[in-house]
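Novice: Prediction below, plus the sequence it came from.
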Amino acid sequence: MRNVTLKLRGLEKSFGQNHVLKGIDLELRSGEVTALMGANGAGKSTLVKVLCGYHFADAGEIELAGAPFSPTDAADAIAKGVVTVHQSIDDGVIPDLDVATNLTLDRLTEPGVGFFVNDGRLRRQAREVAESMGLTMDVRMRVADLDVADRQMIAIARAMARSPKLLILDEPTSSLSSSEAERLFALIDRLRDEGVAILYISHRMSDIRRVADRIVSMRDGAISGLFETEPLDYVGAVNAMLGHQMTEVDIDPVAGGEPVLRVENLKLFEDSRDISFEAREGEVVAFTGLLGSGKTRLAEIIYGLAEPHGGRLLLDGKDYRPKGAGDAVQKGVFMSPKDRSVNAVVPDFDIANNMTLPFLRAFSGFSFLNDRMQRRACDGMIDKIGVVCQSNADDINTLSGGNQQKVMIGRWLLKASRILLLDEPFQGVDIGARRDIGHYIRQTAKGRTTLVFVAEIDEALEIADRIIVLNEAAIAGEYLNRDIDLNSLVADVSGPGERLALAG
Amino acid sequence: MKNNDALDFAIRYGFLILLGGLAVFFSLYASGFASPRSAVFILQSVAITGILALGVTCTLVVGGFDLSIGSVATSALMLSAYTMVILEQSAFVAVALCLLMGALVGLVNGLLIVKMRVPDLLATLGMMFLLIGLQRIPTQGNSIATGMSLADGSVAEGTFSAAFLWLGRHRFDLFLDRLVPVPVVVFLLIAVLIWLFLGYTRHGRLMYAIGSNERAAGLVGTNVHRYKVVAYMISGMLASVGGILLAARLGRGDIASGNNLLLDSVAAALIGFAVLGAARPNAFGTAAGALFVGILLQGLTMMNAPYYMQDFVKGAVLVAALVFTFYLSSRRGGRRTA
């Protein structure tokens, strides 16, 4: 029996009204890699932040190696043996300094270190650390000149210099290529053999298959599944993480008319497989898949923001090669991007100006804006899509998330389109607004093809006529939205390998 | 709620009330302040600064900043003098060359920023240095005036043409004889044009959208790069208009003129943030900000305040306006659109 390194009992955390962690019980053991899975907002990052000292838990106990553990801040957590390597690598290293300084930086802040830096000794120490980790680069190189994988290794090596009891890796492979990731996995294997407890957070099934000894799934701030018997039940883990309840929305799928968009042998990334599909007039197609499955990339390619690595697009039977967002809009291809506060909302503008932003040309004569026309069009859309506000002159930031999103989607429904792309249209949107938006999109779906990109299966089931599952930038399955076999759908989401295993 | 309304009122009209208050105060206590001639004098003193400030306003709107305006203006000053005095060309050629130079500098600034991804402050700072140096090279660092001796031993024969000097020195009749100088008319005209352009055209609206959320503006199909470059070109051209008017007033290519132009015009544009509680760059505010500084300095001068207090006063006004904009407006919460 392995030693329990970290024990959580009834851990709770709220931010205001928002109950993020609802009583987490979990044990992490030394020499074991525990994969933590969960959709956006499941509470993974909050859990990590409690463990590494950014947040205090509201209730519950944490024990580290048998002793109570309640870090006062991030430095305290590290000193006590919980070290975290965050998703963004450059948070973990100082790019402008050399490898030696990076590896020994934490020692410079220790009390009792002299005023002057002894470079020779630092380098000697750094070389020891590097060798113990199997790193071979020259410690005098600038970190900024190293490749991503090496930088990642340095970040982990820095963490390991503190000889931690628990190492938390947050999406460590998100910017690594597959060969770079393999080096990381080799390092993880080594650390496991040395008896470190590792909490590995990832969405990539291939990573989890490679390194995980056990899987914990989180959903809505609670542990929804724990899988530790060999062979690990990967489908069960994805299922527990997505946890679809049957939706009440009743959809009668339409087959659609003529194909509007035809995608032929499209390669989303350099080393990904081809995808081909058709989207027909009047139909709503949902693309679903885990984070990093290529959904956003596909939307960006159709909207002209990214170049495909091969293949072609046909719009209404004609070659379609948008040069950018402006060109796409001109050709009748509209996109509502994900992360509205970063990508869509203009915070200085009121509702009317936010909504009419893409079509200002239509609302102006000789370049001069017709304010009354703008506001009339906006009022019409506010009524139709159901934005709750005082008037169209309200500041956009006075609206709730759901209402803001209605404005952002309504923006693209002011004019007729051939293709409407909606990337995560229900992000940060309450259930009521989600129904309103979904309903209105289906209601207006005639005369265009609508492509919706969502990670949550529920959302796809609520809005689509047809669901296409993406996995690692390839099509893993396709379903007509009627009596869907959800187990098969979830299996496709978690990977084509699983589907074969199920079939066999 | 009542308290909030009062705060709202103060933020919205406080600055304009202060402006009016200052005018009344000086009218009462500085003899001769309240006269048409004095009013025109104030306008004349702020006209060139104001024109430059309107240009920098355009770059502020797209979320940028143009530090090179002062040196563009002095370059235009030297270029116009060089064209007429040494190359012996007409006023028309001089003006055309200056405007072209301003547009070109703006284009280079814009391309440095959008294509080379140099941060705007650094790109325009570099351009400022470059122009300060460049404008001295053709004359070996000397000022340009008719009769100056040239490097090859000859004497410069050209003169500032009357048509060119008219731009700086002619005064139109308005109720009184020879009351309104040309630069004031140009300033007011440009102010109205920029005000209409930024506030009431779709191009202006898109520029504000870029300044507020560049990604969002780009994702609705706006050509962000083109608008940014155009903003810097407007800024460069307006700066060279300022330089032309300065040259026409001075009547010589004075190497030492225009030192204060950059700081004064940036100050006017920033003070403009506080006008009408806009909390962002706007043409009306910029013009009002320039006027505010002008009135204050004129009034203080007429009350015998020493000239060396001027920069201190401008600085104090600027700091007060910035507090107004950033502290009070943030307390009020949301903002409104133009």
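Specialist: Cool, the structure landed. Residues are numbered from 1 along each chain as shown, chains lettered A, B, ... in the order given.
Novice: and A:V284, bridged to which residues?
Specialist: A:T450 (DSSP bridges).
Novice: That one contacts A:T450, doesn't it?
Specialist: Yes. Using C-beta atoms under 8 Å, A:V284 is in contact with A:T450, at 4.4 Å. Yep, even glycine has a C-beta here, placed from its N, CA and C like the rest.
Novice: More neighbours: the two, which one.
Specialist: A:V284 (27 against 24; other C-beta atoms under 10 Å in any protein chain shown).
Novice: Common neighbours of A:V284 and A:T450, please.
Specialist: Counting by C-beta atoms under 8 Å, 6 or more residues apart in numbering or on different chains, the common neighbours of A:V284 and A:T450 are A:I441.
Novice: Tell me the residues of the stretch 251-400 of chain A that contact chain B?
Specialist: A:305, A:324-330, A:335, A:337, A:342-350, A:353, A:357-358, A:360-361, A:363-364, A:367-369, A:393, A:395, A:397-398 (C-beta under 8 Å from any C-beta of the partner chain).
Novice: Please repeat the previous calculation with a cut-off of 6 Å.
Specialist: Residues of the stretch 251-400 of chain A lying near chain B by C-beta under 6 Å from any C-beta of the partner chain: A:325-326, A:329, A:337, A:343-344, A:346-350, A:353, A:357-358, A:360, A:364, A:367-369, A:395, A:397-398.
Novice: Show the pLDDT at residue 283.
Specialist: Assuming you mean chain A. Listed pLDDT for A:E283 reads 94.
Novice: hmm, I had chain B in mind actually
Specialist: 95.
Novice: Now the residue nearest to B:L107 when sequence neighbours are not counted: which helix or strand?
Specialist: Spatial nearest neighbour of B:L107, excluding adjacent residues (C-beta to C-beta, 6 or more residues apart in numbering or on different chains): B:M233 at 5.6 Å. For B:M233, the host element (DSSP states H and E) is helix B:224-250.
Novice: Going by neighbour count, list what's buried in that helix.
Specialist: B:224-225, B:227-250 (16 or more other C-beta atoms under 10 Å in any protein chain shown).
Novice: Tell me the spacing between B:L112 and A:M141.
Specialist: 31 Å (C-beta to C-beta, to the nearest Å).
Novice: And B:D120, by the same measure?
Specialist: 33 Å.
Novice: of these two, who's got more company?
Specialist: Taking neighbours as other C-beta under 10 Å, B:D120 and A:M141 compare with B:D120 leading, 22 against 13.
Novice: Around chain A, pick out the residues from the stretch 101-250 of chain B.
Specialist: Going by C-beta under 6 Å from any C-beta, the residues of the stretch 101-250 of chain B near chain A are B:200-202, B:205, B:209, B:212-213, B:215-216, B:219-221, B:223.
Novice: quick check, nearest of the residues you listed to A:I62?
Specialist: B:R215 (39.2 Å; C-beta to C-beta).
Novice: So what's the residue count around the closest residue to the closest one other than its chain neighbours?
Specialist: Closest residue in space to B:R215, ignoring its immediate chain neighbours: A:N343 at 5.4 Å, by C-beta to C-beta, 6+ apart. Neighbour count for A:N343, taken as other C-beta under 10 Å: 18.
Novice: what sits against A:N343?
Specialist: Shown in contact with A:N343 (C-beta atoms under 6 Å, 6 or more residues apart in numbering or on different chains): A:337, B:215-216, B:219.
Novice: domain parsing for chain A?
Specialist: A:4-242, A:259-347+A:417-503 (automatic domain parsing).
Novice: What mean pLDDT does stretch A:342-351 get?
Specialist: Mean predicted confidence for stretch A:342-351 is 93.
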